[in-house]
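# Below are the sequence and a predicted model for it; my questions follow.
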Amino acid sequence: MTYNTDTGFAGFSLGQRFAAFRADMADRAAKRKTYRTTLAELEVLSSRDLADLGITRSAIKAIAYEAAYGK
């Protein structure tokens, strides 16, 4: 029996892999910043303001997560 192992990096140079890694890290940092910013903005709202928006305090983290990372 013959086995074939594919690492998934065939054809990509070290520079290309590093550039992809940096792009991925930048994307993750941007999403994390969006989450933190949205969370901070919603947490400073009063209960009355949140009620006007139809948001409960327990839903703030879920809303911030969806804003940053999608569903």
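That came through, no problem.
# Thought Ala68 was touching Asn32, still the case?
Quick fix: residue 32 reads Arg, not Asn. Yes. Contact between Arg32 and Ala68 holds when scored by CB atoms under 8 Å: they sit 7.2 Å apart. (Glycine included, C-beta is placed from N, CA and C.)
# show me what contacts Gly54?
Contact criterion CB atoms under 8 Å, 6 or more residues apart in numbering gives no residues in contact with Gly54.
# Any chance of the backbone angles for it?
The main-chain torsion angles of Gly54 are listed as degrees, to the nearest 10 and equal phi 80, psi 30.
# follow-up on the earlier one: neighbour count winner among Arg32 and Ala68?
Residue environment comparison for Arg32 versus Ala68 gives the larger neighbour count to Ala68, 17 against 12, counting by other CB atoms under 10 Å.
# How much space separates the closest residue in space to that one that isn't next to it in sequence from Thr56?
Spatial nearest neighbour of Ala68, excluding adjacent residues (CB to CB, 6 or more residues apart in numbering): Tyr35 at 3.7 Å. Distance, Tyr35 to Thr56, using CB to CB, to the nearest Å: 18 Å.
# More neighbours: those two, which one.
Neighbours of Tyr35 and Thr56, each counted by other CB under 10 Å, are more numerous for Tyr35; the result is 17 against 12.
# Need the phi and psi values for the more buried one.
Dihedral angles phi and psi of Tyr35 (degrees, to the nearest 10) take the values phi -60, psi -50.
# Next up, the contacts around it.
With the criterion set at CB under 8 Å, 6+ apart, Tyr35 makes contact with Ala64, Tyr65, Ala67, Ala68, Tyr69.
# quick one on the thing from earlier: how much space separates the residue nearest to Ala68 from Ala51?
Summarising the geometry, the distance separating Tyr35 from Ala51, computed by CB to CB, is 23 Å.
# Brilliant, that's me finished.
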